[in-house]
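**Student:** Provided below for reference: sequence and predicted model.
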Amino acid sequence: MELNGMPATIEQVRSLALTNYGHFTSMLVEDGQVRGLSLHLERLARDCRQLFDVELDIDRVRRHVRHALADAPQKTVVRVTVYDPALDLGTIGADANPHILVTTRAAATKSPTPLHLQAVSYRRENPAVKHIGLFGVLQRRRAAQREGFDDVLLLNPDGSISEIATSNIGFVRNGQIIWPRSECLAGTTMTLLQQALDEPVVSESLTLSDLSQMEASFATNAATGVRSIVAVDAQQWASDHKVVCELGALYQDIPTEAV
């Protein structure tokens, strides 16, 4: 855990627990390479402007990530969190001086297992921003896991499908990929796939009643790539649908960028 390229102290990171105001991105780094690195950096810059009214130095972010990776495994999940340790509950409106916290963890070596989702009514605050306010989705994920599910599928107040707690969701209908049309966090993996696909991007407003028309479902996330979804509540699908498998292979073929 490094803050601005130096080992972080408890005092420096305590505001993440006490104030909890900031944003982040997580990426899978393999041998110093990242799929969609430019998208991750663009997200950091965009969210920094929105939350702090400050232009983020992207080259500085890359330097700090490279430094943190010096002794990391070849396959590592890197999280870059942007926050200002000086801001607290009483001074949140002050001019900000965002700091860059880089944390690393070894990436999973096994392929992720298919997901069984529980549908819940919940809309993340400011869903287009990858902010660190995760209490709502984690509370619902915890409740779902204690009932035997893996994660939650979030539904808007009108019942339309938006996203998974920390991933995007897609469906296959008549061999075509369908994305839910909803305000959500447009993930880097979803965006890369949309750019790589030959067919036009199709998005529709979907509800749970539409799921019976779908042949398959999948989740996209920067740390795990494309992951099969085998069920939402009682609606079930096969875990090895041809289109989902092809989508996973397509993602693996997307060129990487050096950190």
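**Tutor:** It's in.
**Student:** what mean pLDDT does stretch 219-229 have?
**Tutor:** Averaging pLDDT along stretch 219-229 yields 96.
**Student:** do stretch 145-159 as well
**Tutor:** Rounded mean pLDDT across stretch 145-159 is 98.
**Student:** Tell me the buried residues in that stretch?
**Tutor:** Phe149, Asp150, Asp151, Val152, Leu153, Leu154, Leu155, Asn156 (16 or more other CB atoms under 10 Å). Placement of C-beta: from N, CA and C, glycine included.
**Student:** Inside strands: which ones of those?
**Tutor:** If you go by DSSP state E, the buried residues of stretch 145-159 have Asp151, Val152, Leu153, Leu154, Leu155 in strands.
**Student:** and of those, the nearest to Met27?
**Tutor:** Asp151 (20.0 Å; CB to CB).
**Student:** What residues are bridge-paired with that closest one?
**Tutor:** Residues in a beta bridge with Asp151, per DSSP bridges, are Leu117.
**Student:** check contacts around it.
**Tutor:** Taking CB atoms under 8 Å, 6 or more residues apart in numbering, we find Asp151 in contact with Leu115, Leu117, Gln118, Arg141, Ala144, Gln145, Ile164, Ala165, Ser167.
**Student:** Check the spacing between it and Ile161 real quick.
**Tutor:** 14 Å (CB to CB, to the nearest Å).
**Student:** just to revisit the earlier point, need the max-distance pair from the buried residues of stretch 145-159.
**Tutor:** For the buried residues of stretch 145-159, the farthest-apart pair by CB to CB is Asp150 and Asn156; their separation is 21.3 Å.
**Student:** Give me the nearest residue to Gln74, chain neighbours excluded.
**Tutor:** Excluding the flanking residues, the one nearest Gln74 by CB to CB, 6 or more residues apart in numbering is Asp31, at 5.3 Å.
**Student:** Alright, calling it a day.
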